[in-house]
Each structure stands twice: as C-alpha cells, then as structure tokens.
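>>> predicted model, plus sequence, below.
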Amino acid sequence: MSEAYTRAWQASIAQPEAFWLGAAQAIDWSSPPAAAFDPARGWFPGGRLNTAYNCVDRHVAAGRGDALALIYDSPVTATVTRTTYAELQHEVGRVAAMLAHLGVERGDRVVLYMPMIPPTVFAMLACARLGAVHSVVFGGFAPLELAKRIDDATPKVLLTASCGIEGARTIAYQPLVDEALALARHAVDHVVVYQRERLAAELSGPRDHDWQSLRDATAADPVPPAVAVAADDPLYILYTSGTTGTPKGVVREHGGHAVALAWSMANIYGIGAGDVFWAASDVGWVVGHSYIVYAPLLVGATTVLFEGKPVGTPDPGTFWRTIVRHGVKTFFTAPTAIRAVRKEDPEGRFLAEIGTGPCQAIFLAGERADPETIAWAEARTGLPVIDHWWQTELGWPGVASCAALGDLRRRRGSAGFPVPGYEFAILDESGHPLPTGQSGAVAIKAPLPPGAFRTLWNNPAGFAKNFAAFPGWYETGDAGFFDADGFLHIMGRTDDIINVAGHRLSTGQMEQIVATVDGVAECAVIGADDALKGMIPIAFVVPRAGAGGDATLPARVIAAVRGELGAVAALKTAFVVPQLPKTRSGKILRNLLRKIVNGEEAPTPPTIDDPAVPDLLRAAVLGEKV
C-alpha cells in the first residue's frame, strides 16, 4: 500500500478544508478564496479566477510561450499541426474578439457544434476567457437533440463547422444546424461556420457568418481581457441523456473544476509542465472537456487532439503510432477502443512493430474494463493498464489507482480505490451499508468534492433527485462492491442487476466470464423480459478477427457462464453479431439491446456511433427466433 496515497486520502476526508486550500495553491487567483467550502456557495467561496488565463496566459507570462500546448493529429485528413502556448494565446484571443464583436459577454451561453479540430479548443477557451458559458454538442448530433439543448441553454451564438469526418464518412453540419434551429423555440442571434476543405457550407441570411471572414473583420479589435469570475460561476454546461428523454445539463463551476483537474494531473496521471498527455476521446464528452482541453493546459502540459478512430484510420496500429510520434507519456482511452484494436490485431503485430515509445501508463474509463482486455493490453504493451471510474456528473476520477502517488495496486475487474476527496459506501435498498463482498448501490458521501456538479441547468429538482434515495449520499446509479483488500468493483448500472426467478444476478459478472471465451472480441449481456422467470440473461458476442465463422461460439459462451455460475444463471441464448451499439465515447447501449430483444419500439439514439447497427441487431435477433 502506498503511504502517500493513504495519507492523501485520509487528509482529504478528515481535514478537507486544509487539504483543498492546499490544492488550490496550484491555481492563479485574482482574489484567493478565504475558505475551501461553504454549504451555500460550494467550493472556494469568495475566490475569483479565470480558467482560460490559468490554461494559457499564465504559462506565457512565466516564459513558456515557446512550449508546445496542442498537437492536432488527424489521420482522416493526413494533417498534423503543433501549437505553442504563445500561439494558443493568440488564437484564443482572436476567437474571443470574434465572440465579443457578436455581443457575447459574461454569463451568456455559446453552443459549440463542432468536430475534433483546433478551432473547437480555441472556442472553448475563448468562452472561458470572456466568462461566457459554453455547451459543446457533438457535431453530427441529431437535429432534434441539438434543438432541445438550444432551448435549454438559450445561447446567443452557435459555433459550428461545415462538416465532420467520421472514419470514411463526411457529415455535412449546416443542414443539421438549420433543421435544429427551425425546430428550436429559442432564436439564436448568430451562427458562425468554420469552413473545412473537405466540404464547404452554403451560408444564407444575416444570421450566418463565415468564421474566417469574421476573424478578418475583427483583426484590429483588441483582445478582450480575461474576465475574473466567481469560483461558483458556471464554466460550461454538458448535457447527458435523461431518462425522460429530456437532456440533463450538468453545470461545471470554474473554481472547483480548475483545482480538482490540476490536482488529478499531478497525483493520478503524473503529468506536469512539458509532459505529453493524450486522452483519445471527443470534446463532446466529459473526458474531452476535462482531459483533452482543460486539465493538461492547466498544468502546462502538451495535449493531443486526435481526429480518428482506433481502427480503420488507417489500421489498428494508429494508437501506437500516435503515441510514439508525439512522445506521449500517459495515454487515456476507453476499454472498447482497446477491444476494437484487439479484435483487428489479436496477436498485437502492429504493437510489436511500432511499440509504445516513452509511454509509462495506459488509463481506461468510459465503459467497464473486463479483466481479459486489461490482461491482453498489459501483456502486449508491457505497461500498467489502469482502469478507473467516474461520470459526467463528477467531472474527474472518483475511483482509481493514483499512480503518481506511488499507488500502482491493481486488480483486474476493479477500478481501484477511492480517490482523495471521495468517500464511498455500498448501500442496500434501504440505505444501509452492506458487508464487504456484497454488491449494492455505489454511493458517495455529500458534499461531493471540488469539480463535481452542484446543480443541473434550469433543473434544481432534477439535481436533488440524485440525493433523494439515500439522504446525505449521492446515488451514482452504479452497482458494485468492496472486496476484502479494499478494491472497489463497479459492476455496471444498478438496472444491470437482474432478477432471475428470485436470484439477483449481475450481467457485468456474466460479461466478465464471456470475455474470456476464446474467439470473443467483445460482448454485452442484458436482462430480457421472461414470462416464467421475470428476466433472463441474453448475450451478444462480437467475434475476434478470423473467428466469425465459428459455429460453436454461442454454445461455448453459454457453457462458460453456466459452468462458472451454475444453471441458476439461465443463460441459454447468445447472439453472434458484427458490432455492438455504442456511443461515440465507446459506451455500449445496453438499454437499446434490451428493447430490441423485448420487441419494444427502439428509436435509434442520437448518441449512437453507427446508426446502421440497430438494424443489424434486429436481424440477428429475429433470425435466432425463427
């Protein structure tokens, strides 16, 4: 056990005031906070700061203007660019001038509907510089869903691009934006379009502006100063899908966000000034906000902005090639990305040929990392592969192995230990703590640490529901357990615990077993309705490259689960499918699988990565029933 980790966690729980005031010293404040926490105002009350200044200007002022801030690597356009901190300061300033010219001020909202290109990063930071609140929505997102977010955030300006590039597909954004604005009740004053070489957009009317033309027109305008905002002022709104179909706008505040992210880079990921950090995510997700844009720049590191896929752009060696090319020290991706690489290159030939350069660790999050995937990655890379867990609501890791604190303890199937600042409990349905080894609801003691959400945009009642089931505790919605050595195992969402003829079974545990079956690249197990037993488990299996024609695979999957869990598992059906439905961040859409198996109406979710996958799954299910 790491003494440094133990001391840090104990201090954060026993003396949170002193712990977080100490952490706050990593941030430049225009007015330092007098206290760490106030129940009414949250973290660092009275403190004033500017997040963009902390990410950019202060590093230039410290003489590090020539240091590399941003590497843009786009295999889909064969483009690599590098931006220093001084250049980043200039670009952010010019976008801030554009926005100010359009009337954007502190507190105004700006929606970004943009791809993974440097202007997206410039725009996020420009909003922060002005004290405006940005809300990033995936470029290519369905118009109705974009319209919902526009109506909730009521932005003054919408920033977009002419197109996004998703693997081999080019997606025109302007028609989607026009449709969304026609559907929305709220009228956006201005739309600014960044024209990409791949596909130009046709602009019409006084509402639409060409990005470059607007930049040229405001070239002589002074760069707006970095606005000092209150620690509890909102930095951004990030929408997550709500159970009612109405998106939930998670609000992130400036002060706690900056302090928590800076602390995490130093103490979890081991990243400081001059190090290269790569989070292979998208800025539309919380990982992209926290660990592509803000956290690396807060500590003066170099961040990699990658526009591509783990396979197919151009091959399953693209991750390793990017790591070596840019000297990445710490790599962060989703388990599903590693599974995709393994599926296409099971022997790791690309990895053996390319290597991992100076990389010291690989972190996984976004989807539960099955032990088989971690074992494969560690064996092939020779690096520690660290699963860790968090949520959009939290904004940074809640469970991890804090490698930079000397704690590299890992147990496959576990996300690690509570991160300093987080106090966890496993509760039963009545809110009583469960003994070690028993699975229940994963809850976090209130107040949540800095960086976590304190409200939902326009929806304080929705926020309060997160604390209603277990007063004094935040209900994460996940199920899990602590083992005898203190490792926390997150087994999936609480609705992934299914009741089969009175037996409570974890589909996550079944997936763990299925993933070990020879020939399985990735899998999902869901609970389907059953007239006799209430629910029964159904497995969906994607075969590894070369194993697609193995007719024995379903039987071997069923036998493996029944062999380990016994007949009570009641797994009798395993569908072999070419793909699983996933969001663009790599999360498997298990609820969609559940609806398809149950024969329910299942509209294609707006978050899905490949809209063609649901029809493939329906065909597989119907074929099995016939």
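Structure received. Computed from a predicted structure; not experimentally measured.
>>> please enumerate the strands of the stretch 301-450 of the chain.
In order along the chain, the stretch 301-450 of the chain carries the following strands (DSSP state E, counting those that start in this stretch): 302-306, 330-333, 361-364, 385-387, 399-400, 417-418, 424-427, 440-445.
>>> can I get the ones you listed in CSV including mean pLDDT and mean neighbour count?
Where you see a C-beta, it was placed from the backbone N, CA and C, and this is true even at glycine. Below are these laid out as CSV (pLDDT from 0 to 100; neighbours: other C-beta atoms under 10 Å):
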stretch, mean pLDDT, mean neighbour count
strand 302-306, 98, 24
strand 330-333, 98, 25
strand 361-364, 97, 22
strand 385-387, 97, 26
strand 399-400, 98, 27
strand 417-418, 98, 24
strand 424-427, 97, 19
strand 440-445, 96, 22
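>>> columns distance to residue 519 on top of these, output as a markdown table?
Written out in a markdown table, the entries for the strands of the stretch 301-450 of the chain read as follows (distance: least, C-beta to C-beta, whole Å):
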| stretch | distance to residue 519 |
| --- | --- |
| strand 302-306 | 30 |
| strand 330-333 | 24 |
| strand 361-364 | 22 |
| strand 385-387 | 22 |
| strand 399-400 | 31 |
| strand 417-418 | 34 |
| strand 424-427 | 35 |
| strand 440-445 | 32 |
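>>> can you tell me which helix in the protein is longest?
helix 85-101 (DSSP state H).
>>> next secondary structure after that helix?
The C-terminal neighbour of helix 85-101 among helices and strands, as given by DSSP states H and E, is strand 109-114.
>>> CA atoms only: put that following strand into CSV for me.
These are the backbone C-alpha positions of strand 109-114, laid out as CSV (Å, rounded to 0.1, in the frame of the first residue of the first chain):
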residue,chain,number,x,y,z
ARG,A,109,-24.2,30.9,-23.4
VAL,A,110,-22.5,29.7,-26.6
VAL,A,111,-23.2,26.3,-28.1
LEU,A,112,-20.4,24.6,-30.0
TYR,A,113,-21.5,22.0,-32.6
MET,A,114,-18.0,21.2,-33.9
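>>> any stretches of this structure with poor pLDDT?
Scanning the chain for pLDDT under 70 picks out the ranges 1, 241-245, 494-497, 499, 501-504, 548, 567-568, 585, 624-626.
>>> what helix or strand is residue 616 on?
Under the criterion DSSP H and E, the helix or strand holding residue 616 is helix 613-625.
>>> hang on, the earlier thing: what angle sits between the longest helix of the chain and strand 302-306?
Going by axes from the mean of the first three to the mean of the last three C-alpha atoms, to 10 degrees, helix 85-101 is angled at 60 degrees with respect to strand 302-306.
>>> okay, angle between helix 85-101 and strand 109-114 too, please.
Angle of helix 85-101 versus strand 109-114, following the same axes, to 10 degrees, is 120 degrees.
>>> for residue 38, list the residues it contacts.
If you count contacts by C-beta atoms under 8 Å, 6 or more residues apart in numbering, residue 38 has them with residue 45.
>>> am I right that residue 304 is in contact with residue 68?
No - under the criterion of C-beta atoms under 8 Å, residue 304 makes no contact with residue 68, lying 10.3 Å away.
>>> identify the contacts common to those two.
When contacts are counted by C-beta under 8 Å, 6+ apart, residue 304 and residue 68 are jointly contacted by residue 276.
>>> can I get the longest helix of the chain in CSV? Just the C-alpha atoms.
The C-alpha atoms that make up helix 85-101 are tabulated as CSV, following Å, rounded to 0.1, in the frame of the first residue of the first chain:
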residue,chain,number,x,y,z
TYR,A,85,1.3,28.3,-25.7
ALA,A,86,2.1,31.7,-27.3
GLU,A,87,0.3,30.7,-30.5
LEU,A,88,-2.6,29.3,-28.4
GLN,A,89,-2.9,32.6,-26.6
HIS,A,90,-3.1,34.4,-29.9
GLU,A,91,-5.7,32.1,-31.4
VAL,A,92,-7.9,32.1,-28.2
GLY,A,93,-7.7,35.9,-28.2
ARG,A,94,-8.8,36.2,-31.8
VAL,A,95,-11.8,33.9,-31.2
ALA,A,96,-12.7,35.9,-28.1
ALA,A,97,-12.6,39.1,-30.1
MET,A,98,-15.0,37.5,-32.7
LEU,A,99,-17.4,36.5,-29.9
ALA,A,100,-17.2,39.9,-28.2
HIS,A,101,-17.9,41.5,-31.6
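>>> how about residues contacting it?
52, 56-57, 59-60, 64-70, 83, 110, 118-119, 122-123, 125-127, 129-130, 132, 157, 192, 211, 214-215, 217-219, 221-224, 297, 300.
>>> show me these that map onto helices.
Judged by DSSP H, helices contain the following of the contacts of helix 85-101: 52, 59-60, 118-119, 122-123, 125-127, 129-130, 211, 214-215, 217, 297.
>>> ends of stretch 72-86, what's the gap?
Across its full length, stretch 72-86 reaches 16 Å between end residues, using C-alpha to C-alpha, to the nearest Å.
>>> check stretch 321-337 too.
End-to-end span of stretch 321-337 (C-alpha to C-alpha): 15 Å.
>>> give me the distance from that stretch to the chain's centre.
16 Å (C-alpha atoms, centre = their mean, to the nearest Å).
>>> buried ones in that stretch?
For stretch 321-337, a neighbour-count test (16 or more other C-beta atoms under 10 Å) marks 321-324, 326, 328-337 as buried.
>>> returning to that earlier point: from the ones in helices among the contacts of helix 85-101, list just the buried residues.
By 16+ other C-beta under 10 Å, the ones in helices among the contacts of helix 85-101 give 52, 59-60, 118-119, 122-123, 125-127, 129-130, 211, 214-215, 297 as buried.
>>> how much space between the closest residue to residue 414 other than its chain neighbours and residue 608?
What sits nearest to residue 414 in space, not counting adjacent residues and going by C-beta to C-beta, 6 or more residues apart in numbering, is residue 487, at 3.9 Å. Distance from residue 487 to residue 608, counting by C-beta to C-beta, to the nearest Å: 33 Å.
>>> again, but for residue 234
Noted for residue 234: a distance of 29 Å to residue 608, by C-beta to C-beta.
>>> in terms of neighbours, single out the busier of these two.
Under the criterion of other C-beta atoms under 10 Å, the comparison of residue 234 against residue 608 puts residue 234 first, with 23 against 17.
>>> that one touches residue 255, doesn't it?
No - because the distance of 11.0 Å does not satisfy C-beta under 8 Å, residue 234 is recorded as not touching residue 255.
>>> domain assignment for the chain?
Described in terms of automatic domain parsing, the domain architecture of the chain consists of the residue ranges 3-308+388-480, 501-625.
>>> tell me which of the ones you listed is the most buried.
Most buried of those, by mean neighbour count (mean count of other C-beta atoms under 10 Å): domain 3-308+388-480, with a mean of 20.
>>> how distant is it from the center of its chain?
The chain centroid and the centroid of domain 3-308+388-480 are separated by 10 Å under C-alpha atoms, centre = their mean.
>>> tell me where the stretch 301-450 of the chain has helices.
For the stretch 301-450 of the chain, the helices identified by DSSP state H, counting those that start in this stretch occupy 318-326, 335-344, 349-354, 371-381, in order along the chain.
>>> distance of the residue nearest the centre of the chain relative to residue 89?
The residue lying closest to the centre of the chain (C-alpha atoms, centre = their mean) is residue 287, at 3.4 Å. Plainly put, residue 287 is 25 Å away from residue 89 if you go by C-beta to C-beta.
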